[in-house]
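*Asks:* Whatever this is, show me its structure:
(one chain, ligands or ions: 1)
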Amino acid sequence: MLVVRIIQNIVCGIIGTISNGEVAADLYDGLLGLQHRGQDACGMVTFFDNKFKVRKGTGLVREVFSMESLLELRGQIGIGHVRYPTAGARAGEAEVQPFLLNSPYGLALAHNGNLTNADKLRQELEKKDYYFNSSSDSEVLLTLLADELRSKAKKTLKNEPIFAAVAEVMQKAQGSYSVVVLIANFGLLAFRDPAGIRPLIFCERATGFAKESLIASEPSAATLLGYDNFKDVEAGEAILIDLKGNLEKKQLAKAQHTPCIFEYVYLARPDSVLDKLSVYKARLRMGEKLAKQILKSELEIDVVVPVPDSSTTAAITLAYNLGIKYREGLVKNRYIGRTFIMPGQEIRKKSIRHKLTSVDLELKGKKVLLVDDSIVRGNTSARIVEMVRKAGAEKVYFASAAPPLKWPCFYGVDFPTRAELVAAYRSLDEIKKELGVDALFYQTLEDLKAACGEGRTDLNPHLKGFCAACFDGNYPLGKIDVEAMEKEGKQC
Ligand code: SF4
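*Replies:* Sure thing, here's the model as predicted:
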């Protein structure tokens, strides 16, 4: 039997919109606002004159879409996707989203997340004579939805059978999925898995005689377009918006809302409010809590230096609460992609060397406390420590705003196997040695959860806690055989 290795998608960004005018320019701006969630590939699908219009390719949004291609993407409804692939290798153009299916009804889908039972679902669908053009779990999700629609809906589509089909998808699909679907001649459908692992927001605005609507991974896709008043698509909820802008929501599965805590640490933009919790405030509190721990150590520190960019917010409050100078002693070359999500070790190593330079005057002869959002493999951190020592630092200490990463993620983030995670099998002293630092501090998981807003039922009564499985190994969506998944190469 041919075994197809399912390629999962990570840290993707999705968007869908219905407008009174052409949507291509809005989708383009929206995708730019989501570019931090994936820089490897992107795509857009619109619907016009009874046909799908499609443009997909590998590269950044501004590289894939030209003015000419945007003019061809006619229509008042469309969806888009920015992607970063997992499975350690750069996936080809066949894997670029959105995915399309012409029958039944005409569907285009963009997905952020990772199905943990994609292989099984694919085999079941193949037995029903469905064929696949890619090895992506997102195409499996699209085909599953199409199959359920085929059995639930009549010739003319209505809301009820669509909701019934999504309810079945939620029963069958395991893992994380925030999804937006363009249904030809009908409207937009969006839904989020019962644990709400990946974020999904929607917003509306009244223009002229009809409403315009937008659904996206983060508000940053919509603020550029003048939208405000963002609402979350709740865990286990689906939303349907017809072509006139009429919106209906339905809770289709019992929610066990445990969003990904790593969105607050690193993935999401600091200006995002996800599940009613501010990413920026969470990062400020991460710094405050780390400061309390470091104060107890009575270590002598001259300067706090963030590893740019996602640790700067935490480093500011950390320095403030320690009463120590904050200095930008490392400067990032902004035009090189985020390193830990780059596929392939060679590319990763090369990009670390080109990623940062040091401001030697701020480091020379100083006892430097470096602050980063997290430590994954440890290779980036070790090279930064080396760079700071070369710049003349007397001592180099390191603080991580997140606890030790010990487990792989199966819900859509490109963490490696435990063997590659520097903290998986090492003691604090051994990690210290690996990084080459004089002292090492990790946030405790308890403090991280508190910083992100666990227990803030005043802000979000639906929140049951966070997924923090990469820190504690407690996977919220049922038992996972980590060893077997690692052997099969299923870690993201
Ligand atoms: S395992 Fe970690 S990265 Fe993955 S969803 Fe859970 S918290 Fe997020």
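*Asks:* Now the element after the least confident helix or strand in the chain by mean pLDDT, going C-ward?
*Replies:* Lowest on mean pLDDT, DSSP states H and E among the helices and strands of the chain sits helix 345-355, with a mean of 61. Along the chain past helix 345-355, the next helix or strand (assigned with DSSP states H and E) turns out to be strand 356-358.
*Asks:* Just grab the bridge partners of the residue of the stretch 151-300 of the chain found nearest the ligand for me.
*Replies:* Taking CB to the nearest ligand atom, the ligand has its nearest neighbour within the stretch 151-300 of the chain at Cys260, 3.2 Å off. C-beta coordinates here come from the backbone N, C-alpha and C atoms, glycine included. When bridges are assigned using DSSP bridges, the partners listed for Cys260 are Cys467.
*Asks:* Would you state the helices of the stretch 351-492 of the chain in chain order?
*Replies:* When assigned using DSSP state H, counting those that start in this stretch, the helices of the stretch 351-492 of the chain occupy the ranges 379-390, 428-435, 445-452, 469-472, 482-487.
*Asks:* Deepest-packed of those helices, please.
*Replies:* Between the helices of the stretch 351-492 of the chain, helix 469-472 has the highest mean count of neighbours, a mean of 22, where neighbours are mean count of other CB atoms under 10 Å.
*Asks:* contacting residues for Asp232?
*Replies:* For Asp232, the contacting residues are 196, 199-201, 274-276, taking CB atoms under 8 Å, 6 or more residues apart in numbering as the criterion.
*Asks:* how about 6 Å then?
*Replies:* Residues in contact with Asp232 (CB atoms under 6 Å, 6 or more residues apart in numbering) are 201, 275.
*Asks:* Next up, identify which helix or strand the closest residue in space to Leu284 that isn't next to it in sequence is on.
*Replies:* The shortest distance from Leu284 to any residue that is not its chain neighbour, by CB to CB, 6 or more residues apart in numbering, is 4.8 Å, and that residue is Thr317. Following DSSP H and E, one finds Thr317 within helix 312-322.
*Asks:* re the thing from before, quick one, which of the helices of the stretch 351-492 of the chain is nearest to the ligand?
*Replies:* Using CB to the nearest ligand atom as the criterion, the shortest distance between the ligand and these is 3.3 Å, found for helix 469-472.
*Asks:* Output the contacting helices and strands for that closest one.
*Replies:* Helices and strands touching helix 469-472, as assessed by 3 or more CB pairs under 6 Å, 6 or more residues apart in numbering; DSSP states H and E, are absent.
*Asks:* hmm, who's touching it?
*Replies:* By CB under 6 Å, 6+ apart, the list of residues contacting helix 469-472 from outside reads 403, 405, 407, 409, 415, 445, 475.
*Asks:* Could you do stretch 438-447 as well?
*Replies:* Stretch 438-447 is contacted from outside by 289-290, 293-294, 299, 395-404, 432, 471, using CB under 6 Å, 6+ apart.
*Asks:* repeat that with 7 Å
*Replies:* Contacts of stretch 438-447 with the rest of the structure, by CB atoms under 7 Å, 6 or more residues apart in numbering, involve 286, 289-290, 293-294, 299, 395-404, 428, 431-432, 468, 471-472.
*Asks:* Just the endpoints, please. Distance across it?
*Replies:* With CA to CA, to the nearest Å as the measure, the first residue of stretch 438-447 is 23 Å from its last.
*Asks:* Tell me if it is near the ligand.
*Replies:* No. Legend: contact between stretch 438-447 and the ligand by CB under 6 Å from any ligand atom is lacking; minimum distance shown is 10.6 Å.
*Asks:* Any buried residues in that stretch, and which?
*Replies:* Of the residues in stretch 438-447, those buried by neighbour count under the rule 16 or more other CB atoms under 10 Å are 438-443, 445, 447.
*Asks:* Report how many residues lie close to the residue lying closest to Pro104 once chain neighbours are set aside.
*Replies:* Distance criterion CB to CB, 6+ apart; nearest residue to Pro104, sequence neighbours excluded, is Arg150 at 5.0 Å. Other residues near Arg150 number 13, with proximity taken as other CB atoms under 10 Å.
*Asks:* How about Arg334?
*Replies:* Per other CB under 10 Å, the neighbour tally for Arg334 reads 8.
*Asks:* Spell out whether stretch 36-44 and the ligand are in contact.
*Replies:* No. Using CB under 6 Å from any ligand atom as the criterion, no contacts between stretch 36-44 and the ligand are found, and the smallest distance is 13.2 Å.
*Asks:* which parts of that stretch are buried?
*Replies:* The neighbour-count criterion (16+ other CB under 10 Å) identifies 36-44 as the buried residues of stretch 36-44.
*Asks:* got the end-to-end distance for that stretch?
*Replies:* Chord length of stretch 36-44, first to last residue, is 17 Å (CA to CA).
*Asks:* before we move on, what about stretch 152-165?
*Replies:* Length of stretch 152-165, first residue to last, CA to CA: 6 Å.
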